[in-house]
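A.B. asks: Pasting a predicted model and its sequence here:
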Amino acid sequence: MTAPQRTTQHVPVLRLDPTGADHQGEAARLRELGPVVKVILPGDVEAWAVTTHQLLTELVNDPRVSKDWHRWTDIRTNRIPEDWPLTGMVKITNMVTADGDDHRRLRRVVTQVLTPERFRAMRPRITELARRLVQALPERTGPDGSVDLREHLAYPLPMTVICDAIGVPGPLRPQIRRLVRSIFDSTAQPEEVLSTQRLIYELLDKVVAHKRRTPGDDLTSNLIAVQRDNPDLLSDTELTGTLWLMISAGHETTLSLITNAQRALLTHPDQLDLALSTGPSVWPVVVEETLRWDAPIGNFLARYPREDLHIGGVTIPAGDAVLAPYSAAGRDTAQHGQDAHRFDITRDQARHLAFGGGPHVCLGAPLARMEAAIALEALFSEYPGLSLATNPESLVPVPSLISNSVQALPAYLNHHRPNTTATDTCPQGARQ
């Protein structure tokens, strides 16, 4: 596929790496190129990236900018095939891709079932689950004595929490993991993309059918009840789309957040020592600094101007796609100071955009924050001598330009190993 040339403006261009091999380095290059940059996505698909915190904040709050993928010119003119690797992040039907009254209607439906009271009621269960996972880590060690913190803590905690909350039957959960991983994989081959899209809705239909037969105290049953009492509020397509949003976002974002926070502390022993000496109140602070410094969703698709949009000295044509590069904005020196590249839990907790902003700010953010803080406290309270079991540069990124994390995080539980300390930044590109 050849990217169409729709503008003669002199705008810097950066081809994004679908493997995510140098995520923070790429974010740094976006910032260096300017406040508005043309980016090339997989398949030579063109989009725009707004790289500063201020302009990105303005963008996500601008009523002239739509979230409805049907407005994307490249989709309306069939320039993007059904097997495009990022299809699962774009062509969905839920509140993330709705505007105006439809967005308010769908968001209201979710807020009726995803309440602050429900979040608070989940805390004891999350705390107990984290404690059990942490105490089981010695049983998960490999031949070299290390344990993968991503696989045995960061993954099972949010996956169990969100599947329990939604009411996903146990036998379906391994398939959910594979499907979530697939939609975030920017390197997925066409056959996998098409198969994933089909399997997602087959699986969701099974969940909904199960809960129609045997309702319980879970989010799916609650949404079904809302739909039954007021069919105009939620179509069947919107119901399954909403479930998929809660499953995928409720798992992937928190998985990467917990992993990134663990990695940040293990590669910054001074910050870990400070955290350990501060007390339980420090863990939410660690979570916020991780969200700013190493956002779990590094880039997010997409927004589409309803009219030509003049921003940062550039005109983005109506119907073009705009990428939100949260990693780039998270280290914007104009917002976070000249030391924005440093992981520092003592800095003033300036506002970040890791959970988006404006009317589409993530509803599940309180749950993700709570899970991450609970996981960190449980882990480092049990194993204060935790240390990274490999050189930071050898950690392998997840193959995604959307999700930002590593595929494994091996650690020793109770003793330190030399030469595993990074500088003030993440592996590879974070040192840019």
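C.D. replies: That came through, no problem.
A.B. asks: Low-confidence ranges, this protein, go.
C.D. replies: 1-8, 415-432 (pLDDT under 70).
A.B. asks: can we see that at 50?
C.D. replies: 1-7, 416-432 (pLDDT under 50).
A.B. asks: where do the strands sit along it?
C.D. replies: 13-15, 36-41, 45-50, 65-66, 147-148, 300-305, 309-311, 314-316, 322-324, 387-388, 410-412 (DSSP state E).
A.B. asks: Need those in JSON lines (columns: distance to His103 and mean neighbour count).
C.D. replies: Every residue, glycine included, has its C-beta placed from N, CA and C. Shown next, in JSON lines, are the strands of the chain (distance: least, CB to CB, whole Å; neighbours: other CB atoms under 10 Å):
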{"stretch": "strand 13-15", "distance to His103": "30", "mean neighbour count": "13"}
{"stretch": "strand 36-41", "distance to His103": "25", "mean neighbour count": "22"}
{"stretch": "strand 45-50", "distance to His103": "21", "mean neighbour count": "23"}
{"stretch": "strand 65-66", "distance to His103": "10", "mean neighbour count": "22"}
{"stretch": "strand 147-148", "distance to His103": "39", "mean neighbour count": "22"}
{"stretch": "strand 300-305", "distance to His103": "13", "mean neighbour count": "22"}
{"stretch": "strand 309-311", "distance to His103": "19", "mean neighbour count": "17"}
{"stretch": "strand 314-316", "distance to His103": "21", "mean neighbour count": "21"}
{"stretch": "strand 322-324", "distance to His103": "17", "mean neighbour count": "23"}
{"stretch": "strand 387-388", "distance to His103": "42", "mean neighbour count": "22"}
{"stretch": "strand 410-412", "distance to His103": "41", "mean neighbour count": "22"}
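A.B. asks: Mind checking those strands for the one nearest to Leu204?
C.D. replies: For those, the distance to Leu204 is smallest for strand 300-305, at 21.2 Å, taking CB to CB.
A.B. asks: packing partners for that closest one?
C.D. replies: The criterion is 3 or more CB pairs under 8 Å, 6 or more residues apart in numbering; DSSP states H and E, and the helices and strands that strand 300-305 contacts are strand 65-66, helix 87-90, strand 322-324.
A.B. asks: rewinding a little: same list, the strands of the chain, but as CSV with distance to Ala154 please.
C.D. replies: Output for the strands of the chain, formatted as CSV (distance: least, CB to CB, whole Å):
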stretch, distance to Ala154
strand 13-15, 30
strand 36-41, 27
strand 45-50, 28
strand 65-66, 33
strand 147-148, 9
strand 300-305, 20
strand 309-311, 36
strand 314-316, 36
strand 322-324, 24
strand 387-388, 14
strand 410-412, 11
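A.B. asks: right, so of these, which gets closest to Glu139?
C.D. replies: With CB to CB, the closest approach to Glu139 among these belongs to strand 147-148: 8.9 Å.
A.B. asks: In terms of secondary structure, what does the closest one contact?
C.D. replies: strand 410-412.
A.B. asks: In its sheet, which strands sit next to the strand it packs on, and in what direction?
C.D. replies: Strand 410-412 sits in its sheet next to strand 147-148 (antiparallel), strand 387-388 (antiparallel), going by DSSP bridges.
A.B. asks: bridging residues for the residue lying closest to Thr141 once chain neighbours are set aside?
C.D. replies: Residue nearest to Thr141 in three dimensions, not counting chain neighbours: Val147, with 4.7 Å by CB to CB, 6 or more residues apart in numbering. Applying DSSP bridges to Val147 gives these bridge partners: Ala411.
A.B. asks: quick one, what contacts Val147?
C.D. replies: Leu137, Pro138, Arg140, Thr141, Pro410, Ala411, Leu413 (CB atoms under 8 Å, 6 or more residues apart in numbering).
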